[in-house]
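Provided below for reference: sequence and predicted model.
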Amino acid sequence: MAVPPIQRSPNAAAAGPTAGAKFSWLLDLVLGLLIVAALPLAIIAIPNTVSVVSDLLPAEIDRVGLMRAHGLALPAMMLTVPLAAVALRRMRVTYVLVAGLALLAVADAAGGYAGTSFMVGVLRVLHGVGAGVLIPATLVAAWGRPPVVRAVWAGMLAVSLLAAQALALWPLHQVDRWQVTLQPYPLLTGIALGLAAAYLLVWLLQGESASPTPRARERSRLLLAAVPAAGIAVLAISTASQDWKAGLVVLVAVLSIAALLALATIGTGESRTLAYTFVAIGVVLLPTVAQVTYVEMGGLGGPGLKGLWLPFVVAAVLAVVAGAGVALFGGSALRWLAPAGLLLLVLGLATVRLMVPAAEGTVLVVPFTLMAVGAAVALTAALRRTSVGVALFGLALCFPGVLSGYLLGTGVQVMMLRGQRSAQGIVDAFVEALHTWALIGGFLTVAVIVLGALLARRPGGAVEEGDGSAAGGAVPDGAGASDGGSRGEVSGVEERPGMEALVVADARNETDAAETGPDETGAAGAERDDAGAAEVEPDDAGGVGAAPSDVVEEDVVKEDEGVDEEDRPTGEIPRVVLPTPVNGDSPDTADPARVAGERDGPSPAVPPPAQSPEDNERP
């Protein structure tokens, strides 16, 4: 029996047999440190903090225009993420990552010279574009590494969203120049650039290994994600520049969240789970903790930023550890760990209503830890069960969710503050708005969990392949055609028990390998195709998979001997996978003796009609 040749992976061909193994651990270490430094640096660009230093603004500057210009970073980031994800299919992720950090560094360096609203707007757009390039680049870079690196990315994204508002406010304490808002952490930017240079060097020494990239058919979804991002950005800018009423702002925010959830519904069950998770975390996490941070400021009777750092540090450490634990020991529990993480997020929102405001920051360890750990667990579990293209699509929906959450929270605050004149009344209104927003966020997250559970069994498109933890392999479009359209597209191999499931899995891997080229699958697809080629053995005539199918069909025939078709219950008819015709035979002219097994006695003069996929009787 012929043995298929063993194909070398692109990494081995480029780097040689020992270079990759020699520098692999060093590459993982440098990339992990780069993620820890770069993700918070990118997310810090989101908050608009110029109002905190409004007393330092010169009299000739338009303060309202400056505040609006300062808020352009998040809309720019929203539009850049999907476009950068598409560009990563043609560009080396290492170069894109370094370019994103360099753009952030240039914007930071030029921030000290800003003196007009126009200049501030340009620099904030550069911040948003640099962050929008950096975030998907770090995800793709982590995707080709061990699962723990990906878990570190998910944990740091959750931590960055949790602490972004506090990190953006920290450098503004007792400053004498308002331009600090445009360059909050120049030292951290320099450290991240140094780590990026080290990562580039190690990557070159390893042999320029290719990272997984989105497939060609996933580009349309990534570009589609830019449509709601552009719409939400336009609406947000309009609400800030035209002073919309609070009720209209709330309505726009609700419609924006509904549009994001509708777009997240596209795809398979695993794709929907990840997209829903990204949307829920984006809408809830940063807008909630931003309000908590303002309520806990020292001027409002709280402990101030100094009292909040212990809860933030504890939550950050536990979030990264929880993500790594899910990556290492999640196993078969990944399917329910994503909704379980969102439930922890809901529990954290409930504790916000119970514990905030707090005179001491120590008690805030509980809500911060629940929200950070819940987000990290949900993201890590959902990322393990999808492909890199699906992950980038979910990420593209996260930041429009952040802006929608800001709009909804702002609308609720304006409603609560209406008519308040006294200082105590304003403080009480802020607290009431926070509690109302936490309630809304909790119900929204629960609705996302329920929606994901209801749609989990809905037939979707082809199963997106992750790192092997998802059930089944990648299935080409239209794989469920043999069902006569009654079951839609196949959603997983686990629906077919016994040896038949193995045969179907082999057939799917073979079909996927034939229809999808190496340019569309990336490194992960190449590994899957190699594995599928090793498992499927060709027969002597060159037909692939004939021997396993013959065994299955022979077993089915033996079990069904003496049973008339009319007496057989319809629901118990087993599905038979026929071998692929070879030697140029079409399904109508295939030799029935070779397809159904050797017969006893002479063959009939005229061959009987070929079997249909739904017929399990021998001809």
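It's in.

helix or strand with the lowest mean pLDDT in this structure?
The weakest-scoring helix or strand in the chain, judged by mean pLDDT, DSSP states H and E, is helix 546-560 (a mean of 36).

where does pLDDT dip in the stretch 451-600 of the chain?
In the predicted model, the stretch 451-600 of the chain carries pLDDT under 70 at residues 456-600.

from Ile449, how far out is the nearest residue to Pro40 once chain neighbours are set aside?
If the residues on either side of it in the chain are set aside, Pro40 comes closest to Ser160, at 4.5 Å by C-beta to C-beta, 6 or more residues apart in numbering. Any C-beta I mention is one placed from the backbone N, CA and C, and that applies to glycine too. Distance from Ser160 to Ile449, counting by C-beta to C-beta, to the nearest Å: 23 Å.

what does Gly304 give?
Computed as C-beta to C-beta, the Gly304 to Ile449 distance reads 35 Å.

re earlier: pull out the buried positions in the helix or strand that contains the residue nearest to Pro40.
In this assignment (DSSP states H and E), Ser160 forms part of helix 147-169. Using 16 or more other C-beta atoms under 10 Å as the test for burial, helix 147-169 gives 147-169.

do stretch 239-248 as well
Judged by neighbour count using 16+ other C-beta under 10 Å, the buried positions of stretch 239-248 are Thr239, Ala240, Trp244, Ala246.

from those residues, which two are the most distant?
Within the buried residues of stretch 239-248, Ala240 and Ala246 form the most distant pair, 13.2 Å apart (C-beta to C-beta).

low-confidence ranges in the stretch 201-350 of the chain?
Where the stretch 201-350 of the chain drops to pLDDT under 70, the residues are 208-211, 267, 269, 299.

list the contacts of Gln168.
For residue 168 the amino acid is Ala, not Gln. Ile44, Ile46, Pro47, Thr49, Thr181, Pro184 (C-beta atoms under 8 Å, 6 or more residues apart in numbering).

and Ala375, how many neighbours?
Ala375 has 31 neighbours, counted by other C-beta atoms under 10 Å.

so which helix or strand takes in it?
Using DSSP H and E, Ala375 maps to helix 365-383.

what's the mean pLDDT across that helix?
Mean per-residue pLDDT for helix 365-383: 94.

spatially, what comes nearest to Thr369 if we skip its sequence neighbours?
Nearest to Thr369 is Ala315, by C-beta to C-beta, 6+ apart, at 4.5 Å.

in terms of contact, does that neighbour touch Gly374 like I think?
No - Ala315 is not in contact with Gly374 according to C-beta atoms under 8 Å; the separation is 10.5 Å.

which residues do those two both contact?
What both Ala315 and Gly374 touch, as defined by C-beta under 8 Å, 6+ apart, is an empty set.

related to what we said a few turns ago, what about the residue nearest to Pro40, distance to Phe399?
Applying C-beta to C-beta, one obtains 12 Å for the distance of Ser160 from Phe399.

burial check on Ser51, number of neighbours?
By the criterion of other C-beta under 10 Å, Ser51 has 12 neighbours.

same thing with Arg272?
Other residues within reach of Arg272, judged by other C-beta under 10 Å, total 23.

do I have it right that it meets Ala262?
No - when contacts are counted by C-beta under 8 Å, Arg272 is not listed as touching Ala262 (11.1 Å).

which neighbours do these two share?
Counting by C-beta under 8 Å, 6+ apart, nothing touches both Arg272 and Ala262.

tell me the contacts of the residue nearest to Thr369?
Residues near Ala315 by C-beta under 8 Å, 6+ apart: Val159, Leu162, Val365, Phe368, Thr369, Met371, Ala372, Val373.

same check, this time on Leu66
Leu66 makes contacts with Val50, Leu57, Ser117, Val120, as judged by C-beta under 8 Å, 6+ apart.

same deal with Leu334?
By C-beta under 8 Å, 6+ apart, Leu334 lies in contact with Val326, Ala381, Arg384, Arg385, Ser469.

just curious, which of those residues is nearest to Leu74?
Closest approach between those and Leu74, by C-beta to C-beta: Ala381, at 26.9 Å.

residues contacting the helix or strand hosting Ala198, please?
If you go by DSSP H and E, Ala198 is part of helix 186-206. Outside helix 186-206, the residues that touch it by C-beta under 8 Å, 6+ apart are 15, 19-20, 22-24, 26-27, 30-31, 33-34, 37-38, 40-41, 94-95, 97-98, 101-102, 104-105, 108-109, 141, 209.

among these, which are in helices?
In helices, judged by DSSP state H, the following of those are found: 15, 19-20, 22-24, 26-27, 30-31, 33-34, 37-38, 40-41, 94-95, 97-98, 101-102, 104-105, 108-109, 141.

in PyMOL, select just the buried ones from those.
Here is the PyMOL command that selects the buried residues among the ones in helices among the contacts of helix 186-206 (16+ other C-beta under 10 Å):
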select buried, resi 15+19+20+23+24+27+30+31+33+34+37+38+40+41+94+97+98+101+102+104+105+108+141
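
quick one: the strands in the protein?
Counting by DSSP state E, the chain has no strands at all.

export stretch 93-105 as CSV, just CAs?
Presented in CSV, the C-alpha positions along stretch 93-105 are these (Å, rounded to 0.1, in the frame of the first residue of the first chain):
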residue,chain,number,x,y,z
VAL,A,93,2.8,40.2,11.2
THR,A,94,6.1,41.1,12.7
TYR,A,95,6.6,44.1,10.5
VAL,A,96,3.0,45.2,11.1
LEU,A,97,3.5,45.0,14.8
VAL,A,98,6.6,47.1,14.7
ALA,A,99,4.9,49.6,12.5
GLY,A,100,2.0,50.0,14.9
LEU,A,101,4.3,50.7,17.8
ALA,A,102,6.4,53.1,15.8
LEU,A,103,3.2,55.0,14.9
LEU,A,104,2.3,55.3,18.6
ALA,A,105,5.8,56.5,19.4
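
this completes my enquiry, with thanks.
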